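Chemist: Sequence first, predicted coordinates after that:
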Amino acid sequence: MTNESGMIHSLSYGEPIGKSHHSVLDWTFSCYLPRPATKVKKYLYDKGNFDEIREMLGGFDWANVLHGKSADDI
């Protein structure tokens, strides 16, 4: 019934049912449970187009965009 020792616990032999000569077995079976699938977001930083990002961000006048703003606002 199992592929590993220790998967059957609390084995007990019971009295036969009715006039049968077969014993009744009662046990606890510990089986494998499927692991929940975890979804982890993985970013592929090596696939980014960093030259284009630098070009786009370099087109802003950051001094005027950030002028007069606090660190929290920025």
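Modeler: That came through fine.
Chemist: Now do residue 8: how many residues are near it, please.
Modeler: Using other Cβ atoms under 10 Å, residue 8 has 14 other residues around it. From N, CA and C alone the C-beta is placed, and that goes for glycine too.
Chemist: how much space between it and residue 27?
Modeler: Going from residue 8 to residue 27 by Cβ to Cβ, to the nearest Å gives 5 Å.
Chemist: just residue 14 next, same as before
Modeler: 11 Å.
Chemist: repeat for residue 59
Modeler: Using Cβ to Cβ, residue 59 is found at 72 Å from residue 27.
Chemist: What strands line up against the helix or strand hosting residue 10, and which way round?
Modeler: Following DSSP states H and E, one finds residue 10 within strand 8-14. Sheet pairing of strand 8-14 (DSSP bridges) gives strand 24-29 (antiparallel).
Chemist: Now the spatially most central residue of the chain: which helix or strand?
Modeler: In the chain, the centroid-proximal residue (Cα atoms, centre = their mean) is residue 38; its distance is 2.4 Å. Using DSSP H and E, residue 38 falls within no helix or strand.
Chemist: Quick check: residue 54 is in a helix.
Modeler: Yes: counting by DSSP: H, G, I helix; E, B strand; the rest coil, residue 54 falls inside a helix.
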